[in-house]
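Visitor: pasting the structure only:
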């Protein structure tokens, strides 16, 4: 794969998009009633430059764009389409309620903004829906959400090394795509995952590759190569969610093409066509979403994060991975 091409893809900027949105809402503080509260802070105990959710958040308010958007738009702000959600955390900095005594199995979900549940309430995040799904299938299980917007594979590894043993987890779901802005995206990913496995030798590990949006053209073009390379280097169970989501998309709007992009309704009616800029999507695509608030990609609310329905599909697919590998006895 050509690394320059990959870095330009939206998949490389998935977690960074969350930070950009955070910057947007912080700059509007005091100027707009629709503002977000700060939900992350540095956690020096895990290492320099590692941020985590603040402990004991109580319905912290977040306001984010409710459509695909560019990095420049995030810097400037002024979105007409926004969604509001709230975030609560426990004393352990997890997007969970207080943890009681362990009874059955305990699964730890590590990841970035997708695992965290960017854009949805706590109870619609994928870890909560995964616990609900597994319990409905008859399993005594608790699922912990250690997702953090913009979290790196290094921060994920450090949390496992420093905090996971005390949580007495039986399995870890390593839920993130490779960081394509790193010198060796696949190699770094495999190395950090193996370090995490060494820190928890008695826990089961599985990799969940989060779905790319059809409005991430380069992500669409290269997700299969990422999966192929990781399957070649890893021995843990792995599920790639992109084709699962693509098969389930049966309405809304789609984006097709790599150089010449076409935005169209699912029934084939063309909305916009334009050459792809060096970064992001053509400005006319963002303008179309802004002008018509009914335009929406099925299962995603922006070009990087599933909506509540998408997270339901996400959780059911990961539940199959957990069951198929016999993690719950």
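Guide: Ah, there it is. Quick caveat, the model's predicted, so the values are computed rather than measured.
Visitor: from here on, just use CA atoms for contacts and neighbour counts.
Guide: OK.
Visitor: this protein: strands as residue ranges?
Guide: Residue ranges of the strands in the chain, as given by DSSP state E, are 40-42, 51-53, 60-65, 82-87, 105-111, 141-147, 171-175, 204-209, 238-240, 253-256, 260-265, 270-275.
Visitor: what does the second one rub up against?
Guide: Put plainly, it is strand 51-53. Contact with strand 51-53 is made by 39-43, 89, 93-94, 148, 151, 155, as judged by CA atoms under 8 Å, 6 or more residues apart in numbering.
Visitor: parallel or antiparallel, list what pairs with that strand.
Guide: Counting by DSSP bridges, the strands paired with strand 51-53 are strand 40-42 (antiparallel).
Visitor: buried stuff in the partner strand?
Guide: Neighbour-count burial for strand 40-42, counted by 16 or more other CA atoms under 10 Å, picks out no residue.
Visitor: quick one: mean pLDDT for that strand?
Guide: Taken as a whole, strand 40-42 carries a mean pLDDT of 97.
Visitor: for the remainder of this discussion, apply numbering that starts at 18.
Guide: Understood, numbering begins at 18; the last thing we discussed is strand 57-59.
Visitor: looking at the strands of the chain, which is closest to residue 319?
Guide: Each of these was scored for nearness to residue 319 using CA to CA, and the closest is strand 77-82 (7.7 Å).
Visitor: on that earlier part again, can I get the strands of the chain in JSON lines including distance to residue 310?
Guide: Supplementary listing: the strands of the chain in JSON lines, determined by distance: least, CA to CA, whole Å:
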{"stretch": "strand 57-59", "distance to residue 310": "30"}
{"stretch": "strand 68-70", "distance to residue 310": "31"}
{"stretch": "strand 77-82", "distance to residue 310": "12"}
{"stretch": "strand 99-104", "distance to residue 310": "10"}
{"stretch": "strand 122-128", "distance to residue 310": "30"}
{"stretch": "strand 158-164", "distance to residue 310": "29"}
{"stretch": "strand 188-192", "distance to residue 310": "30"}
{"stretch": "strand 221-226", "distance to residue 310": "29"}
{"stretch": "strand 255-257", "distance to residue 310": "30"}
{"stretch": "strand 270-273", "distance to residue 310": "12"}
{"stretch": "strand 277-282", "distance to residue 310": "14"}
{"stretch": "strand 287-292", "distance to residue 310": "14"}
